[in-house]
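Student: Predicted structure and sequence below. I'll ask about it afterward.
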Amino acid sequence: MAALPAELIDLVVENINADDGMHDLKSCCLVASLFQYPSQKRIHRSLTLAFDRGSLHSEDFVASPHYLWRNILSRLENHPHLAEHVVQLHLFLPSSRPLEESADSLLAMGFVLNKLHNVRELKITGLSIGGSPHVWSRLPPKFTEALFAWLRARAAADGRLGHISCSFVNELTPVAIQHMLAASSSLEFTYCRVPGEDSEGASGLPMLLPPTSGRAWGRLGFYQSQPVVLFLLRPDYQGNLVKGLKKLTLSSSDLPGPSSQLCCAVVHGIEDFTLYMSGSARTDRELGLPQQFPRLRRLELMGSNTFAYNKDIFPQILPVYFAPKSTPALSHVVVNMSIWVRNVQSTLASLSFENGVDDYCATHPTVKKLSLVLKFSLVGKGPRLRVENLNHTLLAESLRAALPKMAAKGQLEVLFK
């Protein structure tokens, strides 16, 4: 056992099923001392923290240890080496009127964050179970002070976060946005709003980092967050935010509008564009997208299970908005769909976009690869169904048969998640 190379042990641990309770990985820790460190590293890679016990029942906590702040502080003090494993951090915001049990968590928050130096991805969620989005401006000052201090420390030490996502937050203050911009070059906003221009602190604030910081903003994503887009379109953000942006994610339900303006403003630098096709997407209206994507290399179209039944959107979106003359550098097209596990066969049988996508990719002079990504979602309660229980071979064969031109060219990739 001692002769096994570390790379092989890491590979074994990475392929262990990470269920909700991490039971298999925890058992692996006890098999032999050689497996203890890589198993702990895998278990604590992602960490979820909340201020009240009600949030801990969220289904978002799949395969992630989750704690109240005061509990994780005690754990990290007793096992300080675990902090170095955390690279993904999910924070559930406290309510504007903290529960009594949240008081100790607010005190512990700063101490916990100061121990997490290797975090690369930060996810902030403001939606409480059964409630409405949190209002950022009403958060406890101790929370925002501790979070801002940690983000400033990451930016100052050049330990910038690889990605920050913020979802279900109302009245997201300019100061909060500025701290996020300073701490990461990749941001995503989902169902977020900022105060109106007449609200206190909504305008006239200086940037935290000067335009000459040398950092290019790599990626921005927006879904149902038009007020945030408008905020970032202000003149004082154009220099070091919009300029140099290479990756952009938008939702068709937000088009046309401020998202269209942002896309047009950055189109000459965009190399990777993702368009989420919501169930309400229509093709009989102008989306306000640019007429040219001169540097676009990768195009991803995302859709949900309900969208898979639409016979018109994919074939119309591609030739109209991403024609060969408009995308002279396009080389990779990705079609990414979420499908209910219980309806896999019926959903695949009803797919009707394949001819349009296959023809588009096969005839586009620069497209060299088509990736079809199926993400399997769960419906209802009961035992968790996993993608490994599905027949990958039969699914892949049926999809390749539906896209014969790209399959024949050896340029079709089928992925399951």
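Tutor: Yep, that arrived. Just so it is clear, the model here is predicted, and its values are computed rather than measured.
Student: which stretches of the protein form strands?
Tutor: Using DSSP state E, the strands of the chain run over 46-50, 66-68, 88-92, 121-125, 134-135, 163-170, 186-192, 219-223, 247-251, 272-277, 298-303, 332-340, 369-377, 412-416.
Student: if we look at the last one, which residues are touching it?
Tutor: What that stands for is strand 412-416. 369-374, 376, 387, 390, 392, 395-396, 399-400, 403, 406 (Cβ atoms under 8 Å, 6 or more residues apart in numbering). Every C-beta, even on glycine, is put in place using the N, C-alpha and C of the backbone.
Student: that older thread, can you list the strands of the chain in a markdown table and add distance to residue 39?
Tutor: Listed next are these as a markdown table, based on distance: least, Cβ to Cβ, whole Å:
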| stretch | distance to residue 39 |
| --- | --- |
| strand 46-50 | 14 |
| strand 66-68 | 18 |
| strand 88-92 | 17 |
| strand 121-125 | 21 |
| strand 134-135 | 35 |
| strand 163-170 | 25 |
| strand 186-192 | 29 |
| strand 219-223 | 32 |
| strand 247-251 | 34 |
| strand 272-277 | 34 |
| strand 298-303 | 34 |
| strand 332-340 | 30 |
| strand 369-377 | 26 |
| strand 412-416 | 26 |
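Student: looking at the ones you listed, which has the lowest confidence?
Tutor: Of all the strands of the chain, the minimum mean pLDDT falls on strand 66-68 (a mean of 70).
Student: Quickly list the domain ranges of this protein.
Tutor: Domain assignment of the chain by automatic domain parsing yields the ranges 1-43, 46-245, 263-417.
Student: Same list, the strands of the chain, but as a markdown table with mean neighbour count and distance to residue 235 please.
Tutor: Formatted as a markdown table, the strands of the chain follow (neighbours: other Cβ atoms under 10 Å; distance: least, Cβ to Cβ, whole Å):
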| stretch | mean neighbour count | distance to residue 235 |
| --- | --- | --- |
| strand 46-50 | 23 | 37 |
| strand 66-68 | 19 | 42 |
| strand 88-92 | 21 | 32 |
| strand 121-125 | 20 | 27 |
| strand 134-135 | 20 | 27 |
| strand 163-170 | 20 | 23 |
| strand 186-192 | 21 | 19 |
| strand 219-223 | 21 | 17 |
| strand 247-251 | 21 | 20 |
| strand 272-277 | 21 | 24 |
| strand 298-303 | 21 | 30 |
| strand 332-340 | 20 | 34 |
| strand 369-377 | 18 | 38 |
| strand 412-416 | 17 | 42 |
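Student: Tell me which of those strands sits nearest to residue 233.
Tutor: Each of these has some distance to residue 233 by Cβ to Cβ; the shortest is strand 219-223, at 11.3 Å.
Student: What are the contacting residues of the closest one?
Tutor: 163, 165, 185-191, 228-229, 232, 245-251, 254, 259, 262, 272, 274, 276.
Student: now stretch 142-156: mean pLDDT?
Tutor: Per-residue scores along stretch 142-156 average to 88.
Student: in that stretch, what counts as buried?
Tutor: 142-144, 146-148, 150-151, 154-155 (16 or more other Cβ atoms under 10 Å).
Student: how far away is residue 407 from residue 414?
Tutor: Distance from residue 407 to residue 414, counting by Cβ to Cβ, to the nearest Å: 9 Å.
Student: Now the common contact residues for these two.
Tutor: By Cβ under 8 Å, 6+ apart, the residues touching both residue 407 and residue 414 are residue 400.
Student: Next, the angle from the top helix by length along the chain to strand 88-92.
Tutor: Among the segments of the chain that qualify as a helix by DSSP state H, the longest is helix 141-156. Counting by axes from the mean of the first three to the mean of the last three Cα atoms, to 10 degrees, helix 141-156 lies at 160 degrees to strand 88-92.
Student: and helix 141-156, what does it pack onto?
Tutor: With contacts defined as 3 or more Cβ pairs under 8 Å, 6 or more residues apart in numbering; DSSP states H and E, the packing partners of helix 141-156 are helix 102-113, helix 174-183.
Student: The last one packs against which elements?
Tutor: In this case it means helix 174-183. Going by 3+ Cβ pairs under 8 Å, 6+ apart, helix 174-183 lies up against helix 141-156, strand 163-170, helix 226-232.
Student: Report the mean per-residue pLDDT for it.
Tutor: 87.
Student: got the angle between it and strand 163-170?
Tutor: Going by the same axes, to 10 degrees, helix 174-183 makes 170 degrees with strand 163-170.
Student: Do I have it right that residue 247 meets residue 263?
Tutor: No: Residue 247 is beyond contact range of residue 263, at 12.0 Å (criterion: Cβ atoms under 8 Å).
Student: any common contacting residues for the two?
Tutor: 270, 273.
Student: re the thing from before, output the longest helix of the chain as CSV, nothing but the C-alphas.
Tutor: What follows is helix 141-156, C-alpha atoms only, in CSV (Å, rounded to 0.1, in the frame of the first residue of the first chain):
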residue,chain,number,x,y,z
PRO,A,141,-23.3,45.5,9.7
LYS,A,142,-21.1,42.9,11.4
PHE,A,143,-21.7,40.6,8.4
THR,A,144,-20.9,43.0,5.7
GLU,A,145,-17.9,44.4,7.5
ALA,A,146,-16.4,40.9,7.9
LEU,A,147,-17.1,39.9,4.3
PHE,A,148,-15.8,43.2,2.9
ALA,A,149,-12.6,42.9,5.0
TRP,A,150,-12.0,39.4,3.7
LEU,A,151,-12.6,40.4,0.1
ARG,A,152,-10.2,43.4,0.5
ALA,A,153,-7.6,41.1,1.9
ARG,A,154,-7.9,38.7,-1.0
ALA,A,155,-7.6,41.5,-3.5
ALA,A,156,-4.6,43.2,-1.7
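Student: Other residues contacting that helix?
Tutor: Against helix 141-156 from outside (Cβ under 8 Å, 6+ apart): 91, 93-94, 106-107, 109-110, 113-114, 116, 119, 136, 159-161, 175-176, 179-180, 182-183, 208-209.
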